[in-house]
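**Q** how does the following fold in three dimensions:
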Amino acid sequence: MNASFQELSCLSSNSTDVFKRQVYPAAYILIFVLGVAGHSLSVCVFFSQWRTQKSFTPVSLLMVNLLVSDLMLVSSLPLRVSYYMMNSHWIFGHITCKVISYVYYLNMYSSVYFLVALNILRYLALVRPYLYIRIQTHYVAGIVCALIWLFMGLACSPLLFAEKKNQSRCLELAEDNVDQLLLINNVTFPVGFVFPLVVVIFCSVLLAKNLLRPSPALGRTRPCRKKACALVIISLGIFLVCFLPYHIVRTVFLYTEKHVQTSLYKDSCDDLLVIRRAAVIAHCLCTSNSCLDPILFFCVGENFRSFFAKWTGGRKNSTCTAGRNLQQEELQVLQN
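**A** Numbering: from 1, shown residues only. Next up, the predicted model:
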């Protein structure tokens, strides 16, 4: 009887509640603080650009949309912290629970595709510069951003209509939704992660190949080429650190929970506990993408370097800029 009770307790999803209450609040508070600080600075830079130029370049427009996506997630983190600090008791209403779950996945997959769009622009700027100049219009960039929001908004919409029996619980895996979540995972894994990762790796490899190629003016452009190489590493690093562990662990976690439900799970309780705790850690890593994006903003945007040079009294580094036309300057930055 005791062994049977211990096994049931082990298989219960509540067995990791204590671990969640220890990890999630600390992780969310750290991400919230870093996210608010980094994105507040980013807002100042983008506002300064808008005030002086009355418009955004296509790259800046993509970064502004990425900023909006991050701020949506960061602003929802205090509610998540409150939930876990109140012993997993949700007091903010059923609709709010749905909305913050929706916002989380909308942020994740819109961020993925905004990063893909930025990588494609960098690739075109370096490898196909004349094509890049032809498509570098606010009209094209605006359509791309609108399509990303529309596609991701519709793709995540089933989360708004999912029913939950326990109204006092939120952000938890509902046993009656495992099949639905598995179906969603089997679609989002290739479309929302594998395909974007392949595109980013393809662009990064070609960019690295071109960036590492000897330059005819090596002495003048070497610092810029190093920054561009760092840009490739940071962009790919966000995918590999934030999104890769989450999608792999989430898939393993959902199939394991399905086996637990159907009594097909044959491994030990320790293995099950490791998988559930790994899912918590992977979720935190995925959420951290919202506070890492400002690093990408600083590396991509020439306006960020100009902003800091202005406020620190330094001189703007002109080795990465050619000409006064804003589009030509941005093309030069992306190429170098």
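**Q** can you list the buried residues in stretch 110-130?
**A** Buried residues in stretch 110-130, defined by neighbour count with 16 or more other CB atoms under 10 Å: 110-126. (C-beta placed from N, C-alpha, C; glycine too.)
**Q** these in strands, which ones?
**A** In strands, judged by DSSP state E, none of the buried residues of stretch 110-130 are found.
**Q** low-confidence ranges in this structure?
**A** 1-15, 54, 137-138, 163-167, 212-231, 267, 300-336 (pLDDT under 70).
**Q** related to what we said a few turns ago, next step: the buried residues of stretch 110-130 restricted to helices.
**A** Assigned to helices by DSSP state H, the following of the buried residues of stretch 110-130 qualify: 110-126.
**Q** what's the single longest helix in the protein?
**A** Secondary structure of the chain read by DSSP H shows that its longest helix is helix 17-53.
**Q** following element in sequence after it, please.
**A** helix 58-85 (DSSP states H and E).
**Q** for that next one, buried residues please.
**A** Here helix 58-85 shows 58-67, 69-74, 76-77, 79-81, 83-84 as buried, counting by 16+ other CB under 10 Å.
**Q** and Tyr104, how far from Pro78?
**A** 14 Å (CB to CB, to the nearest Å).
**Q** same question, Thr287
**A** Distance from Thr287 to Pro78, by CB to CB: 13 Å.
**Q** ok, Met72 next?
**A** 13 Å.
**Q** can you check Pro245 too?
**A** Distance from Pro245 to Pro78, by CB to CB: 25 Å.
**Q** run through the neighbouring helices and strands of the helix or strand hosting Leu150.
**A** Applying DSSP H and E as the criterion places Leu150 in helix 138-155. Helix 138-155 is packed against helix 58-85, helix 94-127, with contacts defined by 3 or more CB pairs under 8 Å, 6 or more residues apart in numbering; DSSP states H and E.
**Q** list the contacts of the closest residue to Cys145 other than its chain neighbours.
**A** Nearest non-adjacent residue to Cys145, counting by CB to CB, 6 or more residues apart in numbering: Asn65, 4.8 Å away. Neighbour list for Asn65: Ser110, Phe114, Cys145, Ile148, Trp149 [criterion: CB atoms under 8 Å, 6 or more residues apart in numbering].
**Q** same deal with Asn119?
**A** Shown in contact with Asn119 (CB under 8 Å, 6+ apart): Val199, Val200, Cys203, Ser204, Ser235.
**Q** count the residues that sit near the first one.
**A** Here the number of neighbours of Val199 (other CB atoms under 10 Å) works out to 17.
**Q** check the third one too.
**A** Residue crowding around Cys203 was assessed by other CB under 10 Å; the count is 23.
**Q** in what helix or strand does it lie?
**A** helix 195-211.
**Q** which strands and helices sit next to that helix?
**A** Using 3+ CB pairs under 8 Å, 6+ apart: helix 195-211 touches helix 94-127, helix 218-238.
**Q** Ala282 is nearest to which of those?
**A** With CB to CB as the measure, helix 94-127 is the member of these nearest Ala282 (12.0 Å).
**Q** residue contacts, Phe193?
**A** For Phe193, the contacting residues are Val112, Phe243, Leu244, His247, by CB under 8 Å, 6+ apart.
**Q** how about a cut-off of 10 Å?
**A** Phe193 is in contact with Met108, Tyr109, Val112, Phe239, Phe243, Leu244, Tyr246, His247, Ile248, Arg250, Thr251, counting by CB atoms under 10 Å, 6 or more residues apart in numbering.
**Q** again, but for Leu296
**A** Contact partners of Leu296, counting by CB under 10 Å, 6+ apart, are Met63, Leu66, Phe114, Leu115, Leu118, Leu231, Ile234, Ser235, Gly237, Ile238, Asn289.
**Q** buried ones in stretch 154-174, by neighbour count?
**A** Ala155, Cys156, Leu159, Ala162, Lys164, Cys170, Leu171, Glu172.
**Q** can you tell me the closest non-neighbouring residue to the first one?
**A** For Ala155, the nearest residue in space outside its immediate sequence neighbours is Tyr109; the separation is 6.9 Å by CB to CB, 6+ apart.
**Q** so the one you found touches Leu159, yeah?
**A** No: using CB atoms under 10 Å, Tyr109 makes no contact with Leu159, being 11.6 Å away.
**Q** about what we covered before: quick one, the longest helix of the chain and helix 58-85 angle?
**A** Computed by axes from the mean of the first three to the mean of the last three CA atoms, to 10 degrees, the angle separating helix 17-53 from helix 58-85 equals 150 degrees.
**Q** quick check: Val191 vs Leu272, distance?
**A** 29 Å.
**Q** look at the two and report which has more neighbours.
**A** Set side by side, Val191 and Leu272 show more neighbours around Leu272, with 21 against 14, by other CB under 10 Å.
**Q** now do the SS call for that one.
**A** Following DSSP: H, G, I helix; E, B strand; the rest coil, we place Leu272 in the helix state.
**Q** what do you get for Ile91?
**A** coil.
**Q** tell me which stretches of the stretch 201-336 of the chain form helices.
**A** In the stretch 201-336 of the chain, the helices defined using DSSP state H, counting those that start in this stretch lie at 218-238, 244-261, 269-287, 289-300, 302-312, 326-335.
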